[in-house]
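S.K.: what follows is a predicted protein model with its sequence.
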Amino acid sequence: MFSLCFVRLIRRVAAAALLAHFSVPLWATESLSLPQAQQLAAARSQQLVAQDATAKAAREMAVSAGQLPDPVLKLGVTNLPADGPDQFSLTRDFMTMRSVGVMQEITRSDKRQARSARFEREAETAEAGRRVALASLQRETAIAWLDRFYQERMRGLLLTQRDEAKLQIEAADAAYRGGRGSQADLFAARSAVAQLDDRLAQAERQIETATTQLARWVGAEAVKPLGTPPALDTVSLHSENLETHLVNQPEIEVLMSKEATAQADVEVAQANKKTDVSVELMYSQRGPAFSNMLSLNMSIPLQWSQKNRQDRELGAKLALLEQVRAEREEGTRMQVAQTLAMLQAWRSNRERLGRYDASLLPLTSERTRAAIAAYRGAAGSLTAVLEARRGEVDMQMERLRLEMETARLWAQINYLIPSAKDATFEARP
């Protein structure tokens, strides 16, 4: 009878494993893949819309800055009598003139080009900011998707183990009734099921949290079953010439665009050291007995204190350019160091996963089989079997947690740059 219980135990465990693997609700015919989740997140993102609007605004300003200033229409009355017999008359005094004129500031073409170029650099900064937002969106969506995927795998493992633990209760109860086991073994089996139920409740809560995080990016589609995960054994970067590979990294592009904008500010300040000319044409009408007048005027600003105004402005822009250049160099070094650290952690985790698969998991499985064999031969206790089984479950859960951490690193590395990669590189020792 005891052997029969273990045969039933093995069969039910196998059936439970198959059920956990193939039991998909009939309505869940559509799954949510990682690329689909990222596309949904991009379509829902308002940050991308904001960055597009910022870039458009800067380009509109670039066109505007390249134009001449608007002409100025001037109307006036000159030499109007204030008293006497001709008081406030517009026609009786020969000196009274009614004037209409147009004044145009002739801004130098190089100055207008410099101002326009400055806004073009600002638009490029906004476009780089959009790539930063897109990379962050793809990265965070991938992390949320992978978190839910691995949390569901943990739940599946716990469900399988709980079904097996319930069968162990039946075996312990049969052994106790047959006089081959103790009541303590029965209580130990029930305690193991209760512990698994508690861990399942925690796993369900973690799945809900992961689904909420995924819904932050994809909306209502987050409740769909997840599709097959991407290949996580390769990444798009490697440590050799990492700084060269990161040239197109959005955060570095933003720093480079800011440096270009600062350089454009310097060029505008240099152009401002040259004055612009304003030209005014005026037509003045006098009384019927007098000739009308035509006037042509020219205005030139006098930069009489250039060392305290224009030179100071240029010096300030040069100092800001130096600041932005230093920040760009420092930011590049920091990004390279952070990426290298992530690559090292990813490779280390891959090696650890290999050790789990090659030795740690097989050893815990052998320990469980040995404990079961000893219990079946009346040379061991059910407590030892349950302890071995608990250790095997803990090892499998730890392996899944390590795989989830490795997947998060994979997402952080692969989505540093949002554009398509030219090549992928396998993990190197």
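M.R.: Arrived safely, thanks for sending.

S.K.: just the strands in this protein please.
M.R.: According to DSSP state E, the chain carries its strands in the segments 72-78, 97-106, 234-235, 277-285, 293-299, 425-426.

S.K.: quick one: contacts of the fifth one?
M.R.: Where contact means C-beta atoms under 8 Å, 6 or more residues apart in numbering, the residues beyond strand 293-299 that reach it are 97, 99, 101, 103, 277-286. All C-beta atoms are positioned from the backbone trio N, CA, C, and that covers glycine.

S.K.: again with the second one
M.R.: In this structure, residues lying in contact with strand 97-106 by C-beta under 8 Å, 6+ apart are 68-69, 71-79, 90, 276-286, 293, 295, 297, 299.

S.K.: quick one, which of the residues you listed are buried?
M.R.: 276, 278, 280, 282, 284-286 (16 or more other C-beta atoms under 10 Å).

S.K.: export those residues to CSV and tack on distance to Glu164 and pLDDT?
M.R.: Formatted as CSV, the buried ones among the contacts of strand 97-106 follow (distance: C-beta to C-beta, whole Å; pLDDT from 0 to 100):
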residue, distance to Glu164, pLDDT
Asp276, 86, 92
Ser278, 91, 95
Glu280, 96, 96
Met282, 100, 95
Ser284, 106, 94
Gln285, 107, 91
Arg286, 112, 89
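
S.K.: closest one to Gln36 out of these, please.
M.R.: Gln36 lies nearest to Asp276 out of the buried ones among the contacts of strand 97-106, by C-beta to C-beta, at 56.2 Å.

S.K.: isn't the closest one up against Thr107?
M.R.: Yes: at 5.0 Å, Asp276 counts as touching Thr107 under the criterion of C-beta atoms under 8 Å.

S.K.: re earlier: most widely separated two among the contacts of strand 293-299?
M.R.: Val277 and Arg286 (29.0 Å).

S.K.: tell me how far the closest residue to Arg162 other than its chain neighbours lies from Arg190.
M.R.: Nearest residue to Arg162, sequence neighbours excluded (C-beta to C-beta, 6 or more residues apart in numbering): Leu196, at 4.2 Å. Remark: distance between Leu196 and Arg190 (C-beta to C-beta, to the nearest Å) = 11 Å.

S.K.: which one is Leu232 nearest to, not counting chain neighbours?
M.R.: Excluding its sequence neighbours, the residue lying closest to Leu232 (C-beta to C-beta, 6+ apart) is Trp410, at 4.9 Å.

S.K.: out of the buried ones among the contacts of strand 97-106, flag the one nearest to Arg115.
M.R.: Closest approach to Arg115 among the buried ones among the contacts of strand 97-106 (C-beta to C-beta): Asp276, at 12.0 Å.

S.K.: and that closest one, what does it touch?
M.R.: 105-108, 111, 301.

S.K.: need the buried ones from those residues selected in ChimeraX.
M.R.: To isolate the buried members of the contacts of Asp276 in ChimeraX, using 16+ other C-beta under 10 Å:
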select :107,111
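
S.K.: I'd like the contacts of Asp276 as CSV, with distance to Asp357 and pLDDT appended.
M.R.: Shown next, in CSV, are the contacts of Asp276 (distance: C-beta to C-beta, whole Å; pLDDT from 0 to 100):
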residue, distance to Asp357, pLDDT
Glu105, 76, 94
Ile106, 77, 94
Thr107, 71, 93
Arg108, 71, 92
Lys111, 68, 94
Pro301, 78, 91
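
S.K.: from the contacts of Asp276, which is closest to Thr383?
M.R.: Nearest to Thr383 among the contacts of Asp276, with distances taken as C-beta to C-beta, is Lys111, at 87.7 Å.

S.K.: let me see the contact set for that closest one.
M.R.: When contacts are counted by C-beta under 8 Å, 6+ apart, Lys111 touches 268, 271-272, 274, 276.

S.K.: ok, Gln396 - how many residues close by?
M.R.: Applying other C-beta atoms under 10 Å, we find 21 residues neighbouring Gln396.

S.K.: which residue packs closest to it, ignoring adjacent ones?
M.R.: Nearest residue to Gln396, sequence neighbours excluded (C-beta to C-beta, 6+ apart): Leu157, at 5.8 Å.

S.K.: and the one you found, how many neighbours?
M.R.: 18.

S.K.: and it, what does it touch?
M.R.: Residues in contact with Leu157 (C-beta under 8 Å, 6+ apart) are 393, 396-397, 400.

S.K.: from Met397, how far out is it?
M.R.: Using C-beta to C-beta, we find Leu157 at a distance of 7 Å from Met397.

S.K.: likewise for Ser45?
M.R.: 35 Å.

S.K.: could you check the pLDDT of Arg401?
M.R.: With respect to pLDDT, Arg401 scores 94.

S.K.: Trp27 too?
M.R.: Residue-level pLDDT assigned to Trp27 equals 39.

S.K.: how about Lys421?
M.R.: On the pLDDT scale, Lys421 gets 40.

S.K.: same question, Pro230
M.R.: 89.

S.K.: equivalent analysis for Gln306, please.
M.R.: So, for Gln306, pLDDT stands at 90.

S.K.: backbone phi and psi for the residue lying closest to it once chain neighbours are set aside, please?
M.R.: Excluding its sequence neighbours, the residue lying closest to Gln306 (C-beta to C-beta, 6+ apart) is Lys273, at 6.7 Å. Main-chain dihedrals, Lys273, degrees, to the nearest 10: phi -70, psi -10.
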